[in-house]
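**Q** fold the following for me, if possible:
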Amino acid sequence: MKHSPAYRLAATILHGFDEYRTRFKEITADASRRFRDAAWREAQQASAERINLYEEKVGETLGRLKRALDEDDLTHCECWREARNHYAELISERLDYELAETYFNSLFCSIFHHRHIRNDWMFVYSSRDAAAHHSGLEPCRRLRVRGDWNEAIRWALAEAPFETPFEDLERDVRLGGEFLRDHLPRTILDAPDAEVELLKSVFYRNKGAYLVGRIHGDGAQVPLVLPILHEQGEGLHLDTVLIESDEVSIIFSFTRAYFQVEVQVPGEFVDYLQQLMPDKPEGELYSAIGFFKHGKTEFFRALNRQVAKREDQFIIAPGVRGMVMAVFVLPSFRTVFKIIKDRFDPSKEMTHDTVREKYRLVKRHDRVGRMADTQEFSNFIARKDHFAPECLEHLLEVAPSTVQLRGDKVIIKHCYTERMMTPLNLYLERCGEEETQAVLKDYGNAIKQMAAANIFPGDMLLKNFGVTRHGRVIFYDYDEVCYLTECNFRHIPEPMYPEQELSGEPWYSVGPNDIFPEEFGPFLFADLKLRKLFYQLHPELFDADYWKSVQQAIRDGRVIDVYPYRNKQRFSASEGNGLVY
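**A** Just a heads-up that it's a prediction; the model follows:
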């Protein structure tokens, strides 16, 4: 039987999606082996491979489509309308149907260059409001506590699917049980129906494995996360216990690498996580478990719903205007939109392609909880009256090749989106003395943790960092970011005679990658009080030898620990160079 071009179009895309999902699952499933073997470098490589996999498979599928169909069929919207209907039928019983829809969208946008975004021809909205049926698969394991919290921790750890034994299970059971007895709400602690519930799948990321679930009883619940570490040659140990929603939200932050976790039913899995973190957007949770392209789809749908409410307009983002990016926001949506300007300020010697490559670098790299994840959009379209007049005027002025006005439509050819944060420079203007010290300490920790991950931010000005609702300092301006190992950190040479030191020009040669940490103070802080406080908190950042030592650790192949929770929360903070929240 000969199938129509539209059916062959749908079937070819679904075949490509199946290939993508098969390889995605293989990489993910091997995370347990990497954790068992403490293969940390391999884990980093696998994370990057899984991110790159999506574009690779879309590219392969696009090639097949071009070979299998005539160009007239492939570029005819009516063919895609019919193909969409076939595709919806083909995936109607799949447990990962929403991911399959996003894959279809990616091929449509590859053919039409992100134009003709209509639900008739692609899945602007899902083919169904909810899954066709509940899968019936049970994602969790459960234990009735019956007042024995030590036994609950023992069950949680001993029954987890780890291939490496715990170094001292009894110690971990005692520490975990004591924590729960000391910190759980009394209503749950004493509830006769108290129950521990954990997802069967283990969440792997970097050098940690996480058991995720909740504790509930007497009609109340708290989330539960048990971070497990593997010290090579010493077995596993429970590092801490997390039961606060904000703490769990930070574990799943948009600033961290995606988890490697086996997921049978993505929609049901995300629904469960959202019960633990009700304030976390659905798109961010899809991204957190590796489905970042569908996370982008959910973000786009949520944005459309918010814009349709017409509660506010897009406005210029508060803070200092960027030299490379024009930034605007929809205040009610907690998101910033960033557009590359046509012309950069004279001090910025780079091209559009260079900037885009910097953003791709961060996307592929471990963000260690200190760099915001981004989504990239092409041909973003909104109505003119959704923009405040001064915002639209500014965008048309600084980026006319990217932002165009056609009738009552604003067309933005390319932009990035990031989670909205308070710029650090504005935050410092408003906060008190105690908050100032806390946020400056975290600012320095952010720089150190990025360095530990082989990232040098380049432009470390306060305006390029933001503060989240949890008070964490996050870097979000990537146009000068580079690998730390590419930098040449130097001490400022001593002047040969006094006149050299008084000269307005340096008395020493400066190469393109040379960095002099002694100069950071005046560059970062015009306020002498802030500069002095920062130096007291992080004196090593002004010493070239510190930066060289981090570089050497990276070259030696050491993967430095960065924990997504405070050091004081750890049961036994290890000595050495572990970097913490």
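
**Q** tell me the SS of the closest residue to S347 other than its chain neighbours?
**A** Sequence neighbours aside, M323 is the residue nearest to S347 in space, at 6.8 Å (criterion: Cβ to Cβ, 6 or more residues apart in numbering). Just so you know, the C-beta spots here come from the backbone N, C-alpha and C atoms, and that holds for glycine as well. Local secondary structure at M323 is given as coil here, using DSSP: H, G, I helix; E, B strand; the rest coil.

**Q** M323 - how many residues pack around it?
**A** By other Cβ atoms under 10 Å, the residues close to M323 number 15.

**Q** how many residues are close by the closest residue to Y476 other than its chain neighbours?
**A** Using Cβ to Cβ, 6+ apart and skipping residues adjacent in sequence, the residue nearest Y476 is A372, 4.5 Å away. By the criterion of other Cβ under 10 Å, A372 has 23 neighbours.

**Q** what's the distance between A372 and V261?
**A** 22 Å (Cβ to Cβ, to the nearest Å).

**Q** returning to what we had before: got a list of what the residue nearest to Y476 touches?
**A** Taking Cβ atoms under 8 Å, 6 or more residues apart in numbering as the criterion, A372 is in contact with 254-255, 418-419, 421, 466, 474-476.

**Q** mind redoing it with 7 Å?
**A** Shown in contact with A372 (Cβ atoms under 7 Å, 6 or more residues apart in numbering): 254-255, 418-419, 474, 476.

**Q** what does H230 give?
**A** With Cβ under 7 Å, 6+ apart, H230 has these contacts: 35, 38, 164, 236.

**Q** break this structure down into its domains, please.
**A** According to automatic domain parsing, the chain comprises the domains 5-112, 140-305, 310-421, 423-569.

**Q** packing partners for the helix or strand encompassing E19?
**A** Element membership for E19 (DSSP states H and E) is helix 5-29. Helix 5-29 makes packing contacts with helix 40-68, helix 77-90, helix 97-112 when contacts are defined by 3 or more Cβ pairs under 7 Å, 6 or more residues apart in numbering; DSSP states H and E.

**Q** from the contacts of H230, which two are the most distant?
**A** A38 and L236 (10.5 Å; Cβ to Cβ).

**Q** out of the two, which sits in the more crowded spot?
**A** More crowded of A38 and L236, by other Cβ under 10 Å: L236, with 23 against 17.

**Q** am I right that that one sits in a strand?
**A** Yes - L236 forms part of a strand when assessed by three-state DSSP.

**Q** could you give the angle of the helix holding E19 to helix 77-90?
**A** Following axes from the mean of the first three to the mean of the last three Cα atoms, to 10 degrees, one obtains 50 degrees for the angle between helix 5-29 and helix 77-90.

**Q** which positions in helix 5-29 come out as buried?
**A** Using 16 or more other Cβ atoms under 10 Å as the test for burial, helix 5-29 gives 5-14, 16-17, 20-21, 24, 27-28.

**Q** what angle separates whichever strand or helix holds V225 from helix 40-68?
**A** In this structure, V225 sits in strand 220-231 according to DSSP H and E. Angle between the axes of strand 220-231 and helix 40-68 is 110 degrees (criterion: the same axes, to 10 degrees).

**Q** sec struct for the closest residue to P493 other than its chain neighbours, please.
**A** Leaving aside its chain neighbours, P493 sits nearest to Y508 (4.7 Å; criterion: Cβ to Cβ, 6+ apart). Of the three states, Y508 takes coil according to three-state DSSP.

**Q** can you give me the neighbour number for Y508?
**A** Counted with other Cβ under 10 Å, Y508 comes out at 15.

**Q** quick one: it from E486, how far?
**A** 21 Å.

**Q** low-confidence regions, the stretch 101-250 of the chain specifically.
**A** Within the stretch 101-250 of the chain, the segments meeting pLDDT under 70 span 129-133.

**Q** do you have the helices of it handy? List them.
**A** Ranges of helices in the stretch 101-250 of the chain, per DSSP state H, counting those that start in this stretch, are 149-158, 169-183, 186-189, 245-251.

**Q** repeat that for the stretch 251-400 of the chain.
**A** 266-276, 282-288, 292-309, 352-364, 389-398.

**Q** mind listing what's buried along the shortest one?
**A** So that's helix 282-288. In helix 282-288, counting by 16+ other Cβ under 10 Å, buried: 282-288.

**Q** show residues contacting it.
**A** Here helix 282-288 makes contact (Cβ under 7 Å, 6+ apart) with 252, 254, 258-259, 270, 273-274, 294-296, 298-299, 302, 373.

**Q** look at the residue nearest to Y476 and report its pLDDT.
**A** In this model, A372 is scored at 92, pLDDT.

**Q** check the one 5 residues further on too.
**A** Here, the pLDDT recorded for F377 equals 90.
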